[in-house]
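>>> Turn this into a structure:
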Amino acid sequence: MSRPATSAKALAGLELISEREAAGLQEVEAKFSTRLSPEVLRQIKTASFDDPIFRQYVPSREELDIRADELADPIGDTPHAKVKGIIHRYPDRLLLTPTHTCQVYCRFCFRREKVGSAPTLTKTELEAAYAYIAAHPEVKEVILTGGDPLVLSDRRLADIIGQLAKIKHLSVIRIHTRVPLVQPERITRELLKALKTKLALYMVIHVNHAAELSKPVLAGLAKLNKAGIPLLSQSVLLKGVNNDPEILATLFRALIANRVTPYYLHHPDKAEGTGHFRVSIKEGQAIMRALRGKLSGLAQPTYVLDVPGGFGKVPIGPNYVGENEIADPTGRRHRYQD
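Here you go, the predicted structure:
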């Protein structure tokens, strides 16, 4: 298939779900966007929620089970929205969200209430965003996110990056994206040219399972590496996808072998209709403890939780220090006098 699948009806036409199942998903699709790229469709090996790619992108009626503690804005973007497109939560960095469109819509997304519906920023709105950044010299880093900034044209991306480069107190641009994993053909010579800047530019790719690292994806990552763009990754700990130390170890080893540094492993946010993906913090800490004994430090992301309400990320990995003792990676305790 050369076109993305943008509805349950399209998924039924591809025989990934039945016509009856597609009809039963109308209520889900009225609330949360659906889109699977051709690359994602190729990555799906089994039309089943046991398949780690299928589970991440194919809608389910479980999404209608909205629990009392779930939130439309689980990480608290709204309290920190300053002008349209700017979220300024931390003193030295902020988010610029020029678009809320993505090439795919993850079923666990923490911005799932907004992505796929909110419009791209206009020229006037972008100018107001640049003016806000210019008026805040404490800001050293701008994170382009959304949505996915790489859905923008090369021309628009180059213009945004060029405008940011004119702001004297900025030193870093960070791009958060799924595109290299779900649309590897987007990594072209023209895109790499659009990303060139005098500022330090980092790209953080979102990847949750080694099955996403297909040959076309790895070829795209190699192009980004060759262009001198430092690559990091962020993953979400998801029940039924990667809540297993062996699965994560395979992913993180594959990433460092392809010059991508694991950066964050996110505890799943309490977004509406995502309870079927969530694991406990205790389980996440046990997984991280197992990884500490298996993996090189290069392959160890920081396990973090975004505190609901907009209070920021905190590390929530296992604690190895006790009263006059310290634990090794296997959990055995050893006397240690501080």
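
>>> Run through the protein and note the low-pLDDT ranges.
1-2 (pLDDT under 70).

>>> need the helices for it, in chain order.
8-13, 19-23, 26-31, 38-43, 52-57, 123-134, 154-165, 179-182, 189-194, 215-226, 245-257, 281-294 (DSSP state H).

>>> what angle separates the last one from helix 245-257?
In this case it means helix 281-294. Per axes from the mean of the first three to the mean of the last three Cα atoms, to 10 degrees, the angle that helix 281-294 makes with helix 245-257 is 50 degrees.

>>> Please name every helix or strand in contact with helix 281-294.
With contacts taken as 3 or more Cβ pairs under 8 Å, 6 or more residues apart in numbering; DSSP states H and E, helix 281-294 sits against helix 245-257, strand 302-307. C-beta coordinates here come from the backbone N, C-alpha and C atoms, glycine included.

>>> what comes into contact with stretch 62-76?
For stretch 62-76, the external contacting residues (Cβ atoms under 8 Å, 6 or more residues apart in numbering) are 27-28, 31-32, 89, 107, 110, 113, 269-276, 306-311.

>>> what's the spacing between M288 and K226?
32 Å (Cβ to Cβ, to the nearest Å).

>>> Can you turn the buried part of the contacts of stretch 62-76 into a ChimeraX selection?
In ChimeraX, this line selects whichever of the contacts of stretch 62-76 come out buried by 16 or more other Cβ atoms under 10 Å:
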select :28,32,89,107,110,113,269,270,271,272,273,274,275,276,306,310
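
>>> if we can go back for a sec, export the helices and strands packed on helix 281-294 to JSON lines and tack on distance to D159?
Below are the helices and strands packed on helix 281-294 laid out as JSON lines (distance: least, Cβ to Cβ, whole Å):
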{"stretch": "helix 245-257", "distance to D159": "31"}
{"stretch": "strand 302-307", "distance to D159": "30"}
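
>>> Go through those and name the closest to R55.
Closest to R55 of those, according to Cβ to Cβ: helix 245-257, at 12.5 Å.

>>> can you give me the angle that closest one makes with helix 215-226?
Going by the same axes, to 10 degrees, helix 245-257 makes 50 degrees with helix 215-226.

>>> before we move on, back to that, so which of the helices and strands packed on helix 281-294 comes closest to E323?
When these are compared by Cβ to Cβ, strand 302-307 sits nearest E323, at 23.6 Å.

>>> Pull up the pairing partners for that closest one, direction included.
Partners of strand 302-307 in the sheet, by DSSP bridges, are strand 260-266 (parallel), strand 312-315 (antiparallel).

>>> which of the residues in the longest one are buried?
Along strand 260-266, these residues count as buried under the neighbour rule (16+ other Cβ under 10 Å): V260, T261, P262, Y263, Y264, L265, H266.

>>> how much space between the fifth one and V142?
As for Y264, its distance to V142 is 18 Å (criterion: Cβ to Cβ).

>>> okay, M288 and K226: which has more neighbours?
The residue with more neighbours, out of M288 and K226, is M288; 21 against 10, by other Cβ atoms under 10 Å.

>>> That one is in contact with L265, isn't it?
Yes. The pair M288 and L265 passes the contact test of Cβ atoms under 8 Å, sitting 7.4 Å apart.

>>> CA atoms of stretch 192-204 as PDB?
Extracted in PDB, the C-alpha atoms of stretch 192-204 (Å, rounded to 0.1, in the frame of the first residue of the first chain):
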ATOM      1  CA  LEU A 192      19.100  17.500   5.500                       C
ATOM      2  CA  LYS A 193      19.800  20.800   3.800                       C
ATOM      3  CA  ALA A 194      16.800  22.400   5.600                       C
ATOM      4  CA  LEU A 195      18.100  21.200   8.900                       C
ATOM      5  CA  LYS A 196      21.500  22.800   8.500                       C
ATOM      6  CA  THR A 197      22.000  25.600  11.100                       C
ATOM      7  CA  LYS A 198      24.800  27.300  13.000                       C
ATOM      8  CA  LEU A 199      23.000  26.200  16.200                       C
ATOM      9  CA  ALA A 200      23.500  22.800  17.700                       C
ATOM     10  CA  LEU A 201      20.700  20.700  16.300                       C
ATOM     11  CA  TYR A 202      19.700  17.400  18.000                       C
ATOM     12  CA  MET A 203      17.100  14.900  16.800                       C
ATOM     13  CA  VAL A 204      15.200  12.800  19.300                       C
END
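
>>> got a list of contacts for it?
For stretch 192-204, the external contacting residues (Cβ under 8 Å, 6+ apart) are 154-155, 157-158, 161-162, 164-165, 170-177, 180, 223-224, 227, 229-234, 263.

>>> Equivalent analysis for stretch 214-223, please.
Contacts for stretch 214-223 (Cβ under 8 Å, 6+ apart): 39, 42-43, 180-181, 184-187, 192, 205, 231, 258-260.

>>> Please repeat the previous calculation with a cut-off of 6 Å.
With Cβ atoms under 6 Å, 6 or more residues apart in numbering as the test, stretch 214-223 has contacts from Q43, P180, L181, P184, I187, N258.

>>> buried stuff in it?
The neighbour-count check on stretch 214-223 (16+ other Cβ under 10 Å) flags P216, V217, G220, L221, K223 as buried.

>>> what do you get for stretch 68-79?
Those would be E70, L71, D73, P74, I75, G76, D77, for stretch 68-79 by 16+ other Cβ under 10 Å.
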